[in-house]
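Asks: Any chance you could fold what I've pasted below:
(2 chains)
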Amino acid sequence: EPEVTQTPSHQVTQMGQEVILRCVPISNHLYFYWYRQILGQKVEFLVSFYNNEISEKSEIFDDQFSVERPDGSNFTLKIRSTKLEDSAMYFCASSLGENTEAFFGQGTRLTVV
Amino acid sequence: AQSVTQPDIHITVSEGASLELRCNYSYGATPYLFWYVQSPGQGLQLLLKYFSGDTLVQGIKGFEAEFKRSQSSFNLRKPSVHWSDAAEYFCAVGPREYGNKLVFGAGTILRVKS
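Replies: So this is what the prediction gives:
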């Protein structure tokens, strides 16, 4: 069964460093998303991406964040200068259409020290 | 603003017993509705969804959910719980104009007693 794959499963980075989280969406999907879950809090929408551009973003997704689809298979989330409060589980998701169900990856746990 | 409330943080049921997890939402119109499950170390797996039509929807693993517009609820049920159902369950809503900008509830952790 096709699935969304995220790497790494766990990343530790120093405050102020840049980090790139990677995702391989399901191959025929066209819409891509990032969500995050800070420990003990709700899963929150960050951004959606379609046709090589951001289609929606939340207020969390500020200038420190960027997304990219560098090739036909990968979808990345970059945090330019990490802060302690960026520590969270980051989930990538993809969907075939705008209003079809999203399939989530297993998440990358980011720890900023 | 949209919100999702899952009033039970933890629920413990005996194996073989029935289960109902509650979900209420606040939204201007009828949204798309979802239940996801997360087992330890795993991602979010879609259990079922409601887009339109029959208000009782069937999902995977023997789960079902009923959409009640008058109560703004979308409760998840299972007639007989198995030990492997122990996990965290999330209710989520998405706007019809852009279904996948999901708003999640806080989750309910299900423990199953043998």
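
Asks: Up against chain B, what does chain A have?
Replies: By the rule Cβ under 8 Å from any Cβ of the partner chain, the part of chain A lying against chain B is A:4, A:6, A:31, A:33, A:35, A:41-45, A:48, A:55-56, A:91, A:93, A:95, A:98-107. The C-beta positions use only the backbone N, C-alpha and C, and glycine is treated the same way.

Asks: just the buried members of the residues you listed?
Replies: A:4, A:6, A:31, A:33, A:35, A:42-45, A:48, A:55-56, A:91, A:93, A:95, A:99-107 (16 or more other Cβ atoms under 10 Å in any protein chain shown).

Asks: Only C-alpha atoms, please: export stretch A:59-67 in PDB.
Replies: C-alpha atoms of stretch A:59-67 as PDB (Å, rounded to 0.1, in the frame of the first residue of the first chain):
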ATOM      1  CA  GLU A  59      -0.100  32.200  11.000                       C
ATOM      2  CA  ILE A  60       2.500  29.900  12.400                       C
ATOM      3  CA  PHE A  61       4.200  29.600   9.000                       C
ATOM      4  CA  ASP A  62       6.300  32.800   9.200                       C
ATOM      5  CA  ASP A  63       9.400  33.800   7.300                       C
ATOM      6  CA  GLN A  64      11.500  31.300   9.200                       C
ATOM      7  CA  PHE A  65       9.700  28.500   7.300                       C
ATOM      8  CA  SER A  66       9.800  27.500   3.700                       C
ATOM      9  CA  VAL A  67       8.700  24.600   1.600                       C
END
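
Asks: give the contact list for the spatially most central residue of chain A.
Replies: Centroid-nearest residue in chain A: A:Trp34, 3.3 Å away (criterion: Cα atoms, centre = their mean). For A:Trp34, the contact set (Cβ atoms under 8 Å, 6 or more residues apart in numbering or on different chains) comprises A:Leu21, A:Cys23, A:Leu46, A:Val47, A:Val67, A:Leu77, A:Tyr90, A:Phe91, A:Cys92, A:Ala93.

Asks: If I look at the nearest residue to it once chain neighbours are set aside, what pLDDT would I see?
Replies: Spatial nearest neighbour of A:Trp34, excluding adjacent residues (Cβ to Cβ, 6 or more residues apart in numbering or on different chains): A:Leu46 at 4.3 Å. Listed pLDDT for A:Leu46 reads 97.

Asks: Over to the one 10 residues further on?
Replies: The confidence metric pLDDT takes the value 91 at A:Glu56.

Asks: now swap in A:Asn52 and tell me
Replies: With respect to pLDDT, A:Asn52 has a value of 91.

Asks: how about B:Lys78, phi and psi?
Replies: Here the main-chain torsion angles of B:Lys78 (degrees, to the nearest 10) amount to phi -150, psi 130.

Asks: no no, B:Asp85
Replies: Note on B:Asp85: its backbone torsions stand at phi -80, psi -10 [degrees, to the nearest 10].

Asks: So it is in contact with B:Leu19, correct?
Replies: Yes. Judged on Cβ atoms under 8 Å, B:Asp85 makes contact with B:Leu19 at a distance of 7.5 Å.
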